[in-house]
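*Asks:* just need the structure, nothing else, for what follows:
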Amino acid sequence: MAEDLIPLEMSLHEGQANDALHNFHIYLCNKAILFRTTIRQAKSQALKTRAQSQVMSVQQAVSLHASIYTKTRKKMMKLELGQDQLQKYKPLLHEQLKISTAVGDPNA
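*Replies:* Now for the predicted structure:
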């Protein structure tokens, strides 16, 4: 009976991992947009500080979704991922948690 629940649990973890990755990408894009539109455009120290606090809140969301993905992936590993799933759900690297705004600005 417990073996019957493993595919169901695996599909639930896949959905959770997909949701975490999707939100992770969205918040990384939001962070890049905030850098480009608010921090770089800020004329005063007060505006720059306010913009940096917005970026910090977005960074917390990035970290949260990265953590959710990592924990979900560990649970999936315990359920013995197939080779296809191992290729799809790779561990997050530290470089992937950062965003470069130079890509969006060809003159940078």
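*Asks:* wait, what's in contact with the closest residue to residue 16 other than its chain neighbours?
*Replies:* In space, not counting the residues next to it along the chain, residue 16 is nearest to residue 72; the distance is 4.9 Å by CB to CB, 6 or more residues apart in numbering. In short, each C-beta sits where N, CA and C put it, glycine included. Shown in contact with residue 72 (CB atoms under 8 Å, 6 or more residues apart in numbering): 13, 16-17, 20.
*Asks:* return the set of buried residues in the helix or strand where residue 59 lies.
*Replies:* Counting by DSSP states H and E, the element that carries residue 59 is helix 45-78. Of the residues in helix 45-78, those buried by neighbour count under the rule 16 or more other CB atoms under 10 Å are 51, 55, 58-59, 61-62, 65-66, 68-69, 72-73, 76.
*Asks:* low-scoring stretches of the chain, by residue?
*Replies:* Low-confidence segments of the chain, defined by pLDDT under 70, are located at 1, 100-108.
*Asks:* let's see that with 80 instead.
*Replies:* Within the chain, the ranges that satisfy pLDDT under 80 run 1-3, 81-83, 86, 95-108.
*Asks:* what residues are up against the residue nearest the centre of it?
*Replies:* Centroid check for the chain by CA atoms, centre = their mean gives residue 24 as the closest residue, at 2.2 Å. If a contact means CB under 8 Å, 6+ apart, then residue 24 has 62, 65-66, 69 as its contacts.
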